[in-house]
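1. Just a sequence and a predicted model for now, questions to come.
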There are 2 protein chains.
Amino acid sequence: MSDVARVAGVSTATVSRVVNGHYGVSASTVAHVRATIEELGYESSLVATSLRRSRTNVLGLVAHSFESYTAEVLKGVMKALKGSGYDLIIYVNSDVYGTDADGWEQRHLNRLSGTLTDGCILVTPWSTVHSSTPVVAIDPVKDSTIPSVTADNLTGATAAVGHLIGLGHRRIGFIAGRSSLQAASSREEGYHRALARAGIAVDPGLVRRGDFQPDTAVPLARALLDSPDRPTAIFAASDGMALKVLDVARELGLSVPDDLSIVGFDNVPESALAQPALTTVDQSMYQLGYEAARLLTALVTGAPEGAHQVLLPVKLVVRGSTAPPGTTHL
Amino acid sequence: MSDVARVAGVSTATVSRVVNGHYGVSASTVAHVRATIEELGYESSLVATSLRRSRTNVLGLVAHSFESYTAEVLKGVMKALKGSGYDLIIYVNSDVYGTDADGWEQRHLNRLSGTLTDGCILVTPWSTVHSSTPVVAIDPVKDSTIPSVTADNLTGATAAVGHLIGLGHRRIGFIAGRSSLQAASSREEGYHRALARAGIAVDPGLVRRGDFQPDTAVPLARALLDSPDRPTAIFAASDGMALKVLDVARELGLSVPDDLSIVGFDNVPESALAQPALTTVDQSMYQLGYEAARLLTALVTGAPEGAHQVLLPVKLVVRGSTAPPGTTHL
DNA sequence: CTGAAAGCGCTTACAG
DNA sequence: CTGAAAGCGCTTACAG
C-alpha cells in the first residue's frame, strides 16, 4: 500500500479510502489511485486489514480432520455462502498437539476469531467453547447451548435398529460413538428405544464404545464377533466405523449379510460403494453444512441471539448389508 | 497478550518470549507466565503474529469452487500435512467478483501470501500468477512453468477413446474442458491421437467446447445428440460434464449404453453411483493433493527451486455406461 | 478533499 | 534475564 501511495503521490490514508470506496475523495484522485493500484497489481492484505478492522466478511470453519463427512458438510456450507458476500476460511490443524488434546478447537477459534473471522462453524467439537464472535456447532457437545444444527439422531437410530428387528434379528450389537457428542448419545438412546419397543432386553455385552474414529471400531468389532455367542447384526454409530466392521467380518470369514447384518449412520459416499453396499441412516451432511452457514450468517449480521437449535430430518437407506438372520445368499 | 502481561506483572515482550519458547527467560518467570496463560485461556492471534513474522507455519489452498474434485484433493493434502507441523488454511471465495473475473486467484493469493501463509496450493487456476512465496498448481494453466502436479491426461484420454473404438464406435463426440488449462488440451490431444491411431478422421462437428463447469455441457450435449447424425458415443473431458450428458441422453429418450456410450474423466465418487455407473479415467485427485502438498512443503522449507513438474499415472475404469454401439440391453 | 498520527496484537533488535 | 520502543500493513478519528 505504501508503494501505491508513493507512486500515486498521495498518502496511504487516501489509498485506503479509495480501496474501501469511502466518501470524501475527489473523483480525479480516485481515478488516479485506481489506475496506480491496477498498474501495481496491489491487493490489500487480509491480515493487516483484519487486524485493524472489526469486520472482515470472512467466516471460519474449524474441523479436526478432513474425511468424507467434512467434505460433504463443506459443500453445503459453500452452497449457502455463494453470493452471500462472505468468504470462507477453513482452518485444519496438522495435529501438532494432537487433535485429542483438550481444547484444541478453543485454540483454533481464538487464533481465528481474534480478528480474522466474523464468526465460525465448528464441526463435531470435542468440548464447549467461548468466543467473542458468533459460533455455530454442527453436532454439538452434549448439553451445549450454543447455536447448532444436528440431525434427528434419535429417530434415525431408532429406525435403524427397528429395521434390524423387523428383519428378525434379536441379538444386535452396538458400537457407540464418542460419548461427549450429543449425536452419539442420541444414537445410543435410539438403540435402547428400539429394543425396548420390541421387548428385547439390552445385553450390556453387546454394547461397545468407540469414538467415531473408524479405526477405534476394529478391536471392538473383533471382540463382538470373535465369540461363540456373537450377535447376528451390528449397528455402528457411524459409517466409518460400520465399514470397519465390514472389514473385520470379512477377516473373520463371516459373510455379510448372510452371517451378519450391518447398519451404519451418516450415509457418506463410500457407503454406497462398499461390497455389499451399506445400509445406513442418511443424515444429509450437505444440509447440515448449509443450515449451519445460514444460521451463522444470520447471527453475524445481527439476528436476534438466543436458542438457535436446528434439527434436520434423517432417512433410513436400506442396501445390501442387511438381511434376515441366517439367510443364505442366492 | 497485554492482559496476560498485566496479570503476570511482566512486559508483553516477555510473554511473547515464553509463548514462542525463546531462550533467555528465567525458569520461574516462564512457569509463572505459563500459568497465567493457562488461567486466562490465552492464545496468540494468528493475524497479529503473521503480520509481524515472516514465517507462520501455515499453508494456503485457494480453490474457486468446492465440488467433489476439490474435496478429494483436500483429503490428499491433509494426509500429507498430518504431523508435518504445517496447518492449512483454505480460502474459498464467495463469488463477489464472480469466479470468472480475471485474476481472482491472484487476488486471493495476494491476500493470503502477504503474510498469512508460507506458501499456497492453487487448484485448477484460471491464469498465471506471481507470488513472493512458493506456489504449487494442481492442473496448471497451459504453458505455465510454476511447480505443479498433473495427471497423465494425454495417456488417460487416449485410453478412454481407445476403449470406445475397441467397442466398435466410430462416431465419437467430444466435449472439451476449459481451454486455458493444460489438462484440457492434453485430453483433447488424447482424443485426436486415439482417433488417428484407428485411422478415423476427426469430424469437427462432433467436437464441442465446455469449460469443466458441469452445466456448460448441457446445451453442448443437446446439440450433439439432438441430430439425426448423432454420435454413438461421447467422451466428456470431466465426470461432471459426462454426468450431465447422461441427464441429457435420458431427457432425449436415449438409453445408455444401448443407444449411447459415455466416458468421463476424473472418477469422482458420484460417477460410481450414477445409473448406469460411469466409465471414466481415474486420476487420483487424492494423490494430486498429496503430491502437491509434499512439493509445497519441500519448496517452503527451502528445497532447490527449479522445474518441479510432477506427473501422476491414471487408470481407465470401465463401468456400465459403455458398450458396443447398438447393443440391446438384456 | 487530504494528510499526520495513533493503534490493532504481536515480535525483535536494542539497551540495560 | 527483562523492558521500552519500533514496526508489520492497514484504517480511522482528528486536524487542516
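-> Looks like it came in fine.

2. ok, now which ones touch A:Ile146?
-> A:Thr128, A:Val129, A:Val135, A:Val136, A:Ala137, A:Pro140 (Cβ atoms under 8 Å, 6 or more residues apart in numbering or on different chains). Just so you know, the C-beta spots here come from the backbone N, C-alpha and C atoms, and that holds for glycine as well.

3. Check those residues and tell me the two furthest apart.
-> Farthest-apart pair in the contacts of A:Ile146 is A:Thr128 and A:Val136; separation 13.6 Å (Cβ to Cβ).

4. what's the closest non-adjacent residue to A:Val92?
-> Nearest residue to A:Val92, sequence neighbours excluded (Cβ to Cβ, 6 or more residues apart in numbering or on different chains): B:Leu88, at 4.9 Å.

5. Does that neighbour belong to a helix, a strand or coil?
-> Three-state assignment for B:Leu88 (DSSP: H, G, I helix; E, B strand; the rest coil): strand.

6. Of the contacts of A:Ile146, which belong to strands?
-> When strands are assigned by DSSP state E, the members of the contacts of A:Ile146 inside them are A:Val135, A:Val136, A:Ala137.

7. give me the number of residues near the residue nearest to A:Val92?
-> Using other Cβ atoms under 10 Å in any protein chain shown, B:Leu88 has 23 neighbouring residues.

8. try A:Ser131
-> 17.

9. What of A:His108?
-> By other Cβ under 10 Å, the residues close to A:His108 number 23.

10. Could you give the bridge partners of the most centrally placed residue in chain A?
-> The residue lying closest to the centre of chain A (Cα atoms, centre = their mean) is A:Val123, at 4.1 Å. When assigned by DSSP bridges, A:Val123 has beta-bridge partners A:Ile138.

11. Am I right that A:Tyr91 sits in a helix?
-> No. Counting by three-state DSSP, A:Tyr91 is not part of a helix but strand.

12. In contact with A:Ala184, which residues?
-> Contacts were defined as Cβ under 8 Å, 6+ apart; by that measure A:Ala184 touches A:Ala176, A:Gly177, A:Arg178, A:Phe212, A:Ala237.

13. Does the second one touch A:Arg187 like I think?
-> This means A:Gly177. Yes. In this structure A:Gly177 lies within contact range of A:Arg187 using Cβ atoms under 8 Å: 6.5 Å.

14. what residues do these two have in common as contacts?
-> Taking Cβ under 8 Å, 6+ apart as the criterion, A:Gly177 and A:Arg187 both touch A:Ala237.

15. Apart from its chain neighbours, what residue comes closest to A:Pro140?
-> Excluding its sequence neighbours, the residue lying closest to A:Pro140 (Cβ to Cβ, 6+ apart) is A:Ser148, at 4.0 Å.

16. Now the nearest residue to A:Ala157 once chain neighbours are set aside: which helix or strand?
-> Leaving aside its sequence neighbours, A:Ala157 sits nearest to A:Gly190 (Cβ to Cβ, 6+ apart; 2.5 Å). Secondary structure from DSSP states H and E places A:Gly190 in helix A:182-197.

17. buried ones in that helix?
-> A:Gln182, A:Ala183, A:Ala184, A:Ser185, A:Ser186, A:Arg187, A:Glu188, A:Gly190, A:Tyr191, A:Arg193, A:Ala194, A:Leu195 (16 or more other Cβ atoms under 10 Å in any protein chain shown).

18. just checking, next helix/strand downstream of it?
-> Sequence-wise, the next helix or strand downstream of helix A:182-197 (DSSP H and E) is strand A:207-209.

19. Give me the next element, helix or strand, following that next one.
-> Per DSSP H and E, strand A:207-209 leads on to helix A:217-225 as the next helix or strand towards the C-terminus.

20. What residues sit buried inside that following helix?
-> Of the residues in helix A:217-225, A:Ala217, A:Val218, A:Leu220, A:Ala221, A:Arg222, A:Leu224, A:Leu225 count as buried by neighbour count, 16+ other Cβ under 10 Å.

21. what does the model give the last one for pLDDT?
-> The predicted local distance difference test score for A:Leu225 is 95.

22. For the residue nearest to A:Glu43 when sequence neighbours are not counted, give me its contacts.
-> Distances taken as Cβ to Cβ, 6+ apart put B:Asn110 closest to A:Glu43, at 3.6 Å, once the chain neighbours are dropped. B:Asn110 sits next to A:Gly41, A:Tyr42, A:Glu43, A:Ser45, B:Ser131 when contact means Cβ under 8 Å, 6+ apart.

23. Now B:Asn110: which helix or strand?
-> Taking DSSP H and E as the criterion, B:Asn110 maps to helix B:104-113.

24. Which residue is it, in the stretch 201-330 of chain A, that comes closest to DNA strand C?
-> DNA strand C sits closest to A:Val300 of the stretch 201-330 of chain A, with a gap of 18.6 Å, by Cβ to the nearest atom of the strand.

25. Test my guess that that residue contacts A:Val136.
-> No. Contact criterion Cβ under 8 Å: A:Val300 and A:Val136 do not qualify, at 9.7 Å.

26. So which of these two has more stuff around it?
-> The residue with more neighbours, out of A:Val300 and A:Val136, is A:Val136; 27 against 19, by other Cβ under 10 Å.

27. For the more buried one, which residues are in contact?
-> Contacts of A:Val136 by Cβ under 8 Å, 6+ apart are A:119-122, A:146-149, A:292, A:295-296, A:299, A:308.

28. quick one on the thing from earlier: of the contacts of A:Ile146, keep whichever come out buried.
-> Buried among the contacts of A:Ile146 by 16+ other Cβ under 10 Å: A:Thr128, A:Val129, A:Val135, A:Val136, A:Ala137, A:Pro140.

29. Any chance of those in a markdown table with pLDDT as columns?
-> A markdown table is the format used below for those (pLDDT from 0 to 100):
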| residue | pLDDT |
| --- | --- |
| A:Thr128 | 83 |
| A:Val129 | 83 |
| A:Val135 | 91 |
| A:Val136 | 94 |
| A:Ala137 | 94 |
| A:Pro140 | 91 |
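
30. tell me which of the residues you listed is nearest to chain B?
-> Nearest to chain B among the buried ones among the contacts of A:Ile146, counting by Cβ to the nearest Cβ, is A:Val129 at 10.0 Å.

31. surely the closest one meets A:Gln106?
-> Yes. Taking Cβ under 8 Å as the definition, A:Val129 is a contact partner of A:Gln106 at 4.8 Å.

32. For DNA strand C, tell me whether the worst-scoring helix or strand of chain A on mean pLDDT is touching it.
-> Ranked by mean pLDDT, DSSP states H and E, the weakest helix or strand in chain A is helix A:104-113, scoring a mean of 77. No. Contact of helix A:104-113 with DNA strand C (Cβ under 7 Å from any atom of the strand) is absent, the minimum separation being 8.1 Å.
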